[in-house]
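>>> Below are the sequence and a predicted model; questions follow.
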Amino acid sequence: MRARLIVLQILVVSLIVVLVVRLWQVQMVRGREFVAVATETRTRDVVVPALRGQILDASGRPLVRNRTSLVISVDRTTLERMPDGGAAVLTRLAKVLEMAPDKLKQQIRACGPGVTRPCWPGSPYQPIPVDDRATTREALQILERQEDFPGVTAEIQARRYYPGGSEAAQLLGYLQPVTQHELEKRQGLKASFSGVDLVGRDGLEAVYDPELRGTSGLRRVQVDRMGKQIAVEQQRSPTTGDTLVTSIDARVQSVVEKAVAEAMKSNPASDGAAGVVLDVKTGRVVAMASMPTYDPAVWTGGISEHEYQRLLSNKSGKPLISRVIKGEFAPGSTFKISSVSAMVADGSPLRGTYQCPSSYNVNGRAFPNAGGMSLGAISLHTALVKSCDTVFYRAGYEEWLRDGGNKPKSKVKEPMPSMARAYGFGKRTGIDLPGESPGLIPDRAWKRDLWNATKNEMCKRAKTGYPEIKDAGRAAFSKRLANENCLEGYIYHAYEAANFSIGQGDVLVTPLQLARAYAALVGDGKLRSPRVGRALFRPDGTLVREIKVPVVGKLPINKETRDYIRAALSEVTSDGTAAGAFNGFPMKQVRIGGKTGTAEVWGKRDTSWFASFAPAENPRLVVVVLVSQGGFGAESAAPAARKIWEGIYGLGKNENGKQREAALPSGHPVERLPVIKQDGTVAQ
């Protein structure tokens with residue numbers, strides 16, 4: 001027993017000696033080192049996002065501006081370094097924000113194949129916002145207990161605000177985080193993006209993103225080992241982005257939005273509609289609306305999977321897509337301005353006499369006039385006013401014959417396709433918006449190229465048919481068509497030339513292309529590349545640059561021909577195909593000229609068009625309306641265009657029975673740029 005006590009005493013003394021030696025080592029030998037580590041401050045670089053520039057209409061009214069809000073963000077890389085992957089932090093954060101922890105985890109996941117929203121589409125190395133409407137109480141809970149919320153920040157940030165709601169949504173665009181893939185693919189982005197910036201993904205936000213984004217600032221701060229800020233070591237203030245002034249008039253935009261929405265609503269079968277207003281004199285866009293639309297605020301703070309899929313689905317009409325610049329449709333009789341121009345340029349007399357029978361035989365096939373009417377001997381003026389198809393069938397067929405028919409000459413003239421391209425059809429207008437469609441002007445070369453690309457598939461389908469098509473009649477027709485294309489798909493047939501003359505068949509245009517063509521016709525004959533952006537201003541009101549509208553072509557017809565066509569179109573609303581839609585319109589105050597268009601679509605209702613201009617004597621504005629599956633041009637598009645003109649000029653009574661207020665009291669778009677004051681506000 002005594003021996004055991006001695007051993008225990010020796011062990012206790014040994015432990016005390018070891019502790020004393022270790023204490024001496026810590027205090028005396030390495031004391032200064034440990035004191036330095038304990039009190040050590042670390043430096044962190046905090047990126048300060050720049051305030052994005054606002055987007056204004058022609059008079060300085062805000063189309064897109066900024067609103068500040070408290071934003072809670074999570075640094076995913078910090079959480080991933082924790083033993084539990086940050087699960088405990090997210091649980092505590094979810095309790096503060098009154099959210100489900102699983103929802104927080106979903107929000108900070110990286111988007112990718114097979115990952116449903118919500119998820120994070122940006123770089124994994126930047127803070128991920130999880131709540132952009134946090135309360136002051138929630139923010140203080142996080143900031144005052146930073147040790148419980150490592151990697152979580154609460155800051156006041158600017159968020160995009162759209163005063164007009166869904167108005168001009170596709171035109172304005174939206175913002176999303178810049179992705180890591182983009183940063184890695186384009187090294188130049190690393191210098192211009194801070195990692196917390198948002199990038200424009202569509203519309204004006206995308207085209208003018210470098211100017212709107214500004215330059216991020218930097219704050220280098222000292223923090224202790226708990227991550228709490230001690231002092232600011234260095235600070236560089238961010239530079240606010242430029243202000244973009246557009247040619248859009250917010251009042252006209254509202255009028256167009258309402259008229260197009262009502263036109264679509266009044267036609268239950270309609271799956272889309274569009275309206276555009278162009279300034280004839282300058283080529284600038286005054287208003288542009290596409291239906292169905294959506295509220296761009298859905299992108300702010302992240303978008304749900306359900307909402308994201310709705311924006312892309314056919315069932316909802318793909319609201320993300322602007323039918324003004326991306327929708328391609330057969331133009332119907334609105335295209336006849338090009339056909340008349342081609343006829344005259346090819347030698348037909350401008351003031352000659354033309355037969356308008358009830359039908360015309362094209363290579364053994366009867367092509368009926370609209371409604372089966374016969375007008376006898378008429379002028380080109382009447383052919384446009386009454387929209388006689390058979391006059392154009394004959395012209396298209398005879399031009400096809402002169403080029404050699406089914407056995408074309410080595411060098412064909414193709415007057416109608418050539419004139420259509422001179423009007424700007426079949427190619428992009430070059431507008432300052434992304435994703436524009438080119439349309440299609442078919443000719444002999446196009447037909448052969450198409451055949452070379454599809455003949456193998458057509459020959460295969462000629463044998464197998466289309467078993468996937470449930471409609472027996474349509475399946476049988478498709479099989480016969482495949483057989484025809486297999487054997488002679490390279491031939492540009494007479495019926496195709498006839499259909500081309502009235503804007504049918506394979507001819508496709510966008511509403512913007514049609515508006516630009518009419519602006520050139522009733523204006524000075526010059527083809528312009530439309531612009532929405534008008535000028536850029538620095539935050540202090542200094543003009544950076546004015547955005548010019550380039551002239552990209554000139555119509556190959558003289559002023560006499562242009563005036564003749566314009567005079568004919570000026571009677572369409574009083575004596576022609578749009579007379580019913582404009583019955584009772586005060587033409588003595590403002591005379592409207594235009595052309596209806598009704599384009600047949602396989603398996604659907606007709607596409608309704610109306611292209612118009614005013615004042616008819618000296619046009620300043622062009623209005624084009626399209627209603628997909630809207631029926632006759634005079635049935636849907638023309639009444640919608642009438643509402644737009646009434647709103648522009650303040651004609652008639654509104655729904656409350658009061659005199660309608662004019663969107664453009666002067667009758668023409670705002671010509672002077674707004675004055676931006678030094679504080680960034682607009683002078684009234």
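Thanks, I have the structure now. The shown structure was predicted, so the numbers you read here are calculated from the model rather than taken from an experiment.
>>> quick one: Ala482 and Met458 touch, right?
Yes. With contact defined as CB atoms under 8 Å, Ala482 and Met458 form a contacting pair (4.9 Å). Yep, even glycine has a C-beta here, placed from its N, CA and C like the rest.
>>> More neighbours: which of these two?
Shown here are Ala482 and Met458; by other CB atoms under 10 Å, Ala482 has more neighbours (22 against 18).
>>> looking at this, that one is in a helix?
Yes. When DSSP: H, G, I helix; E, B strand; the rest coil is applied, Ala482 is found to be in a helix.
>>> Which of the three states applies to the closest residue to it other than its chain neighbours?
Spatial nearest neighbour of Ala482, excluding adjacent residues (CB to CB, 6 or more residues apart in numbering): Arg461 at 3.9 Å. What three-state DSSP gives for Arg461 is helix.
>>> Tell me, how many residues neighbour Arg461?
Count around Arg461 with other CB under 10 Å applied: 18.
>>> which residues touch it?
478-479, 482, 486 (CB atoms under 8 Å, 6 or more residues apart in numbering).
>>> By neighbour count, which of these wins?
Busiest of these [other CB under 10 Å] is Ala482, holding 22 neighbours.
>>> which ones are touching it?
458-459, 461-462, 465-466.
>>> excluding its backbone neighbours, what's nearest the residue nearest the centre of the chain?
The centre of the chain sits closest to Gln170, judged by CA atoms, centre = their mean, with a distance of 3.7 Å. Closest residue to Gln170 apart from its sequence neighbours, by CB to CB, 6+ apart: Ser322 at 3.6 Å.
>>> wait, is the one you found part of a strand?
No. Secondary structure of Ser322 (three-state DSSP): coil, not part of a strand.
>>> Pretty sure it sits against Thr293.
No. Under the criterion of CB under 8 Å, Ser322 makes no contact with Thr293, lying 9.2 Å away.
>>> between those two, what contacts are shared?
Joint contacts of Ser322 and Thr293 (CB under 8 Å, 6+ apart) are Gln170.
>>> Give me the more crowded residue out of the two.
Counted by other CB under 10 Å, Ser322 and Thr293 do not tie: Ser322 has more neighbours, with 29 against 21.
>>> Phi first, then psi, for that one.
Torsion angles at Ser322 (phi, psi; degrees, to the nearest 10) stand at phi -90, psi 110.
>>> any idea of the pLDDT on it?
Note on Ser322: pLDDT of 96.
>>> Kindly report the same for Gln684.
pLDDT at Gln684 comes out at 69.
>>> From Glu399, how far out is Tyr354?
To Glu399, Tyr354 is 14 Å away according to CB to CB, to the nearest Å.
>>> cool, Val285 as well?
34 Å.
>>> Between those two, point out the one with more neighbours.
Taking other CB under 10 Å, Val285 and Glu399 do not tie; Val285 has more neighbours (31 against 23).
>>> could you measure that one against Gln253, distance?
Counting by CB to CB - Val285 and Gln253 are separated by 10 Å.
>>> and what of Arg566?
Arg566 is 27 Å from Gln253, by CB to CB.
>>> more crowded one of these two?
Gln253 (26 against 19).
>>> what about the closest residue to that one other than its chain neighbours, is that helix, strand or coil?
Nearest non-adjacent residue to Gln253, counting by CB to CB, 6+ apart: Ala287, 4.4 Å away. Secondary structure state of Ala287, per three-state DSSP, is strand.
>>> which residues of the stretch 1-150 of the chain fall in helices?
With DSSP state H, counting those that start in this stretch, the ranges of helices along the stretch 1-150 of the chain come out as 2-24, 31-38, 76-80, 87-97, 101-107, 136-144.
>>> Next, count neighbours for the closest residue to Arg444 other than its chain neighbours.
Closest residue to Arg444 apart from its sequence neighbours, by CB to CB, 6+ apart: Tyr492 at 4.3 Å. Residue neighbour count, defined by other CB under 10 Å, stands at 24 for Tyr492.
>>> likewise Ser304?
As a burial measure, Ser304 scores 12 neighbours (other CB under 10 Å).
>>> Who are the contact partners of it?
Ser304 neighbours (CB under 8 Å, 6+ apart): 117-118.
>>> State the pLDDT value of it.
pLDDT, Ser304: 70.
>>> swap in Arg42?
68.
>>> what about the stretch 201-350 of the chain, any weak spots by pLDDT?
Applying pLDDT under 70 to the stretch 201-350 of the chain picks out residues 223-230, 301-302.
>>> mind listing the helices for it?
Counting by DSSP H, counting those that start in this stretch, the helices of the stretch 201-350 of the chain are 203-207, 209-213, 250-265, 305-312, 336-345.
>>> now Ser628, which residues is it bridged with?
Bridge pairing for Ser628 (DSSP bridges) gives the partners Gly272.
>>> And for Thr598?
Bridge pairing for Thr598 - DSSP bridges - gives Ser608.
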